[in-house]
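Visitor: return atomic coordinates for the entry below.
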Amino acid sequence: MNLQLRIPPVAWIVLSGGLMWGLDRTLPVVQLIRSPVNRAGWILVAIGAAIIATAVLQFRRANTTVDPTRPAKASTLVRAGIFGYSRNPMYLGMGLGLAGWAVLLGSLGPWLVLPVFAALLTWLQIRPEETVLATLFGSDYTDYCANVGRWFGRRG
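Guide: The predicted model follows:
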């Protein structure tokens, strides 16, 4: 069974967050200091949520789909605003939220999940989306990819 584009990214974040919690409880690897400093994780969670909300609003304003399992329904290539800094700000926001969760949990174990989350999301969601968007928007999308990073960063 091909999993590409079949599992909504929200499911990936819930599964990853649960796995992070489980690792913290059963295999904390190295227990970091649990203190008010851990509450700084809420800042990362809030930044991630704000990035996601901003991206969703931009999609809504452009009257294009926010359904990540059906990228072929995209009617507009959104390149302005937050999309000028990340081709995938919603996924970036999810990653920041998970990083905040790891800080809140306070051990090293949860941090092991973040690269797995990023790799799976890239392989099963982002790359298939890119293929569809390249077909839909052609050279406009190719130019966009040449100027804005998959996760973050302007190029050129």
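
Visitor: quick check: closest non-adjacent residue to the residue nearest to the spatial centre of the chain.
Guide: The centroid of the chain falls nearest to residue 91 when counting by C-alpha atoms, centre = their mean (1.5 Å). The spatially closest residue to residue 91, leaving aside those adjacent along the chain, is residue 121, at 5.7 Å (C-beta to C-beta, 6 or more residues apart in numbering). For every residue, glycine as well, the C-beta is placed using N, CA and C.

Visitor: state the mean pLDDT of the one helix or strand that neighbour maps to.
Guide: Secondary structure assigned from DSSP states H and E places residue 121 in helix 113-121. Averaged across helix 113-121, the pLDDT comes to 96.

Visitor: relative to helix 113-121, how tilted is the helix or strand following it?
Guide: Moving toward the C-terminus from helix 113-121, the next helix or strand (DSSP H and E) is helix 127-147. Orientation of helix 127-147 against helix 113-121 (axes from the mean of the first three to the mean of the last three C-alpha atoms, to 10 degrees) gives an angle of 100 degrees.

Visitor: where does the chain dip in pLDDT?
Guide: Segments of the chain classed as low confidence (criterion: pLDDT under 70) are 1-3, 28-29, 31-36, 155-156.

Visitor: and the helices in it?
Guide: Using DSSP state H, the helices assigned to the chain run over residues 9-26, 41-61, 89-105, 113-121, 127-147.

Visitor: out of those, flag the one nearest residue 69.
Guide: With C-beta to C-beta as the criterion, residue 69 lies closest to helix 9-26 of those, at 8.9 Å.

Visitor: any idea of the angle the closest one forms with helix 113-121?
Guide: Orientation of helix 9-26 against helix 113-121 (the same axes, to 10 degrees) gives an angle of 150 degrees.
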